[in-house]
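K.L.:
Dropping the sequence and predicted coords here.
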Amino acid sequence: MPRLFTALQLPPDLADALAEFAVPLAGARWIEPQDMHLTLRFVGDIDNLAADEFHAALSRIDEPAFTLTLSGFGAFGGQQPRTLWAGVGDNPWLDALARANDRAARSAGLPPDKHAFKPHVTLARLKGTRPEAVARVLGQLGAFASAPFQVESFALFSSRPKVGGGPYVIEDTFSLRGADYAGSWAGDL
């Protein structure tokens, strides 16, 4: 039973630059650069038939390539912080691609996503980290904006059940309109 999600891969130099922001923080498990991504649609554990239907629906997505910029840092979890992230500037093309991934999941019979789409790149997973420490680190990190980068494809990833933060396996990539990128589906995860 594969655990699947779709996401954008980051350019390696951007992922490496984000990894440079890792600072000592009690309870933080920093994400390795090769595992950084921007999740479009988390699916979770599904059977092989549903995975094949989801893959087929993803292959029919017809959205244009676009430019994206990461901007700012933040944390999810409020008084019980659980994630440090890099944010994404408003981008209607990214939102449209996320909606298309959600439609693909629903057309494969998968349940609706439990969470609204909040585009971000997870930098660290937190466990037992004090909110004051997170606020201090966010203050130290300061302002951030990446150079714009071209998004020409998205990927279907698999991961091990109940393990967050990687390592992840790219099962297939899907070109966006106007891009020259092709993947290959391994099938039968």
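P.N.:
Cool, got the structure. From a predicted model like this one, the values you see are computed outputs, not experimental measurements.

K.L.:
For the rest of this, base every contact and every neighbour count on C-alpha atoms.
P.N.:
Fine.

K.L.:
where do the strands sit along this protein?
P.N.:
3-9, 28-30, 37-45, 66-68, 70-76, 83-88, 120-126, 149-151, 153-159, 169-175 (DSSP state E).

K.L.:
Which residues in the longest one does the neighbour count mark as buried?
P.N.:
I take that to be strand 37-45. Across strand 37-45, burial judged by 16 or more other C-alpha atoms under 10 Å covers 37-43, 45.

K.L.:
Let me have the residues you listed in TSV, extended by pLDDT and distance to residue 23.
P.N.:
Putting those into TSV (pLDDT from 0 to 100; distance: C-alpha to C-alpha, whole Å) gives the following:
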residue	pLDDT	distance to residue 23
37	97	20
38	98	21
39	97	24
40	98	27
41	97	29
42	94	28
43	94	31
45	90	33
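
K.L.:
Make CSV out of those and add distance to residue 173.
P.N.:
Formatted as CSV, the buried residues of strand 37-45 follow (distance: C-alpha to C-alpha, whole Å):
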residue, distance to residue 173
37, 13
38, 14
39, 14
40, 13
41, 14
42, 16
43, 16
45, 19
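
K.L.:
Tell me the one among these nearest to residue 92.
P.N.:
residue 40 (13.4 Å; C-alpha to C-alpha).

K.L.:
Correct me if wrong: that closest one contacts residue 6.
P.N.:
Yes - assessed by C-alpha atoms under 8 Å, residue 40 is found in contact with residue 6 at 5.4 Å.

K.L.:
what's the nearest residue to residue 84 if we skip its chain neighbours?
P.N.:
The shortest distance from residue 84 to any non-neighbouring residue, by C-alpha to C-alpha, 6 or more residues apart in numbering, is to residue 75 (4.4 Å).

K.L.:
Now do the one you found: how many residues are near it, please.
P.N.:
Neighbours of residue 75 under the rule other C-alpha atoms under 10 Å: 22.

K.L.:
In this structure it contacts residue 120, no?
P.N.:
No - with contacts counted by C-alpha under 8 Å, residue 75 stays clear of residue 120, the gap being 10.1 Å.

K.L.:
Spell out which residues are contacts of both of those two.
P.N.:
residue 85 (C-alpha atoms under 8 Å, 6 or more residues apart in numbering).

K.L.:
re the thing from before, overlap in contacts, residue 40 and residue 6.
P.N.:
residue 101.

K.L.:
Now do the same for residue 135: its pLDDT.
P.N.:
Turning to residue 135, the model gives it a pLDDT of 95.

K.L.:
partners of residue 170 in the sheet?
P.N.:
Residue 170 forms beta bridges with residue 157, as assigned by DSSP bridges.

K.L.:
Quick one: low-confidence residue ranges for the protein.
P.N.:
Low-confidence segments of the chain, defined by pLDDT under 70, are located at 1, 161-166, 180-189.

K.L.:
can you name the farthest residue from the center of it?
P.N.:
Residue distances from the centre of the chain (C-alpha atoms, centre = their mean) peak at residue 132, which lies 26.3 Å from the mean C-alpha position.
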